[in-house]
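Asker: need a 3D model of the following:
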Amino acid sequence: MPVTPRRRPTGAPGDARYLPLVLINLATLFSGIGNGISIVVIPWLVLERTGRASDAAIVAGAAAVPLLVASLFSGTFVDRFGRRRTSMVSDALSAVSASAIPVFAITTGLSIPLIAALAALGATFDPAGMAARESMLPAATHAAGWKLDRTNSVYEANYNVAYLIGPGVGGVLIAMIGAVTTLWITAAGFVFSIVVVAFIRLADAGTPEQNARPASIWHGTLDGLKFVWNNKILRTLALVDMAVVALYMPVESVVFPVYFTELDQPAQLGSVLMALAVGGIVGALAYAPLAPLMSRRLIMICAIGVLGIAMLAMALLPPLWVILVLAGLQGLVYGPVGPIVNYAMQTRSPEHMRGRVVGVMTSTAYAAGPLGYLLVGPFLDQFGISATFVALSVPIVLIAVVCTALPVLRELDR
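Answerer: I've put the predicted structure just below:
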């Protein structure tokens with residue numbers, strides 16, 4: 001009697017259908033580590049030279065402006081040239097820009113305008129790679145036999161792992177080998193990401209069919225903007241995320257670096273950013289089992305409100321262990337927001353436009369960033385760290401209150 005081979009259960013360890021998801025997350029991890037190191041190194045490099053918060057804010061703003069423009073158009077590049085190719089080219093250009101700082105340091109020397117220009121150049125290429133990898137998630141989810149909530153939970157947790165490792169490694173390496181040399185590690189992260197993406201095989205990861213491509217970069221981007229604006233839930237999420245990120249980004253990129261530079265404690269800066277990432281990992285992983293039990297709308301409102309309250313508590317400048325607890329709490333409550341926004345984009349965008357929708361949604365998160373940096377730097381120099389924390393956290397709490405009155409957010413649970 002012939003023996004029928006036993007089928008491996010779908011999703012079992014070693015199942016080849018897992019491979020695309022594993023590779024996407026691995027590439028995101030390597031690329032994120034590179035960017036996570038930069039978050040610590042670039043402001044530290046500036047503050048070592050001038051000691052002025054306004055200079056650090058200018059450099060952070062210089063990096064944020066290209067993010068807005070590049071992220072807006074990045075999704076159209078993804079939909080036009082293909083997801084795998086766009087991810088690899090983006091990481092290659094990011095590796096070159098990261099390597100340029102130590103090269104200039106060795107040869108002609110570094111100035112604040114040059115650091116700002118190179119930071120801006122590096123930031124220009126990141127959004128396309130991020131949009132490309134995120135656009136591959138639905139196809140990889142289908143191949144693995146998972147649900148989108150589970151995939152997004154793991155993906156966002158993995159993203160936070162990168163920002164756990166990156167800033168921590170960056171802070172330690174600054175103390176060991178100096179800020180300039182540390183940027184070689186940043187470039188290596190992007191190179192590893194390129195190698196991993198080269199092995200991804202998905203039906204929708206290659207060059208799109210001619211009839212599915214946007215007519216041009218400009219027209220494709222306009223189509224993406226119109227699609228997001230005409231979709232009420234995507235429009236609302238984009239505006240809320242834009243406001244919260246604009247208020248919070250200066251904390252990581254300006255306020256914390258200034259505070260710990262004054263204390264001459266680069267490792268402590270890295271530990272605080274690591275605590276944020278650890279909280280984000282736990283929060284993102286908790287989302288998958290939490291989603292069937294709790295309203296996505298309620299999760300999002302609570303996340304924004306607790307984030308603002310925890311930031312307000314930091315205005316007291318408590319001991320380091322308290323700051324670490326508060327940072328972990330911020331990451332924990334805000335961890336599920338990324339998976340929720342991803343879910344909304346994935347379930348409301350057609351396959352051939354997914355890159356553009358991701359790009360437009362990402363660009364809104366960066367839209368107010370430059371203004372936030374430029375305002376926070378002088379405010380910080382004039383009024384100090386405690387007052388800056390208050391000025392940034394109170395509006396976040398108010399945003400949470402406003403969200404409770406927005407009926408459109410109920411669509412997250414339909």
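
Asker: ranges for the helices of the stretch 1-150 of the chain?
Answerer: 19-49, 53-81, 83-106, 112-135, 137-144, 148-177 (DSSP state H, counting those that start in this stretch).

Asker: spatially nearest residue to Gly270 (excluding sequence neighbours)?
Answerer: Counting by CB to CB, 6 or more residues apart in numbering, Gly270 lies nearest to Gly171, which is 2.3 Å off, once chain neighbours are set aside. Placement of C-beta: from N, CA and C, glycine included.

Asker: quick check, that neighbour in contact with Ser271.
Answerer: Yes - with contact defined as CB atoms under 8 Å, Gly171 reaches Ser271; the gap is 7.1 Å.

Asker: between the two, which one's more packed in?
Answerer: Gly171 (26 against 20; other CB atoms under 10 Å).

Asker: low-scoring stretches of the stretch 201-350 of the chain, by residue?
Answerer: Scanning the stretch 201-350 of the chain for pLDDT under 70 picks out 204-213, 215.

Asker: what residues does Val376 make contact with?
Answerer: 57, 250, 254-255, 388, 392 (CB atoms under 8 Å, 6 or more residues apart in numbering).

Asker: I meant Ile304, not that one.
Answerer: Shown in contact with Ile304 (CB under 8 Å, 6+ apart): 240, 244, 334, 337, 396, 399-400, 403.

Asker: which two of these have the greatest separation?
Answerer: Using CB to CB, the pair of those lying farthest apart is Tyr334 and Cys403, separated by 13.5 Å.

Asker: give me the more crowded residue out of the two.
Answerer: Legend: neighbour count by other CB under 10 Å for Tyr334 and Cys403, higher for Tyr334 (24 against 20).

Asker: isn't that one up against Gly280?
Answerer: Yes - with contact defined as CB under 8 Å, Tyr334 counts as touching Gly280 (6.8 Å).

Asker: in space, what's closest to Ile217 - neighbours in sequence excluded?
Answerer: Thr76 (5.1 Å).

Asker: ok, the one you found to His352 distance?
Answerer: Using CB to CB, to the nearest Å, we find Thr76 at a distance of 12 Å from His352.

Asker: give me the more crowded residue out of those two.
Answerer: Set Thr76 next to His352 and count neighbours by other CB under 10 Å: Thr76 wins out with 27 against 15.

Asker: who touches that one in this structure?
Answerer: 214, 217, 220-221, 224, 355-356, 359.

Asker: got CSV for the residues you listed, with secondary structure, neighbour count and distance to Asn231 too?
Answerer: Putting the contacts of Thr76 into CSV (DSSP: H, G, I helix; E, B strand; the rest coil; neighbours: other CB atoms under 10 Å; distance: CB to CB, whole Å) gives the following:
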residue, secondary structure, neighbour count, distance to Asn231
Pro214, coil, 22, 18
Ile217, helix, 14, 22
Gly220, helix, 23, 17
Thr221, helix, 22, 16
Gly224, helix, 27, 11
Gly355, helix, 31, 16
Arg356, helix, 32, 12
Gly359, helix, 31, 15
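
Asker: closest to Arg410 among those?
Answerer: Using CB to CB, the contacts of Thr76 come closest to Arg410 at Gly224, 25.0 Å.

Asker: do I have it right that the closest one meets Val357?
Answerer: Yes - look at Gly224 against Val357 with CB under 8 Å: they come within range, at 6.0 Å.

Asker: what touches both of these two?
Answerer: Going by CB under 8 Å, 6+ apart, residues that sit against Gly224 and also against Val357 are Gly75.

Asker: neighbours of the closest residue to Thr261 other than its chain neighbours, just the number please.
Answerer: Excluding its sequence neighbours, the residue lying closest to Thr261 (CB to CB, 6+ apart) is Leu47, at 4.6 Å. Using other CB under 10 Å, Leu47 has 21 other residues around it.

Asker: could you tell me how far Val272 is located from Met88?
Answerer: Counting by CB to CB, the gap from Val272 to Met88 is 33 Å.

Asker: give me the contact list for stretch 292-299.
Answerer: With CB under 8 Å, 6+ apart as the criterion, stretch 292-299 contacts 149, 287, 290, 336-337, 340, 343, 409-410, 412-413.

Asker: next: stretch 335-350.
Answerer: 134, 137-138, 148-149, 152-153, 155-157, 159-160, 227, 231, 233-234, 237, 241, 279-288, 290-291, 296, 299-300, 303-304, 354, 357-358, 361, 412.

Asker: let me see the ranges of the helices in the stretch 151-300 of the chain.
Answerer: Under DSSP H, counting those that start in this stretch, the stretch 151-300 of the chain gives helices at 179-197, 217-230, 232-250, 256-262, 266-290, 296-313.

Asker: sounds good, over and out.
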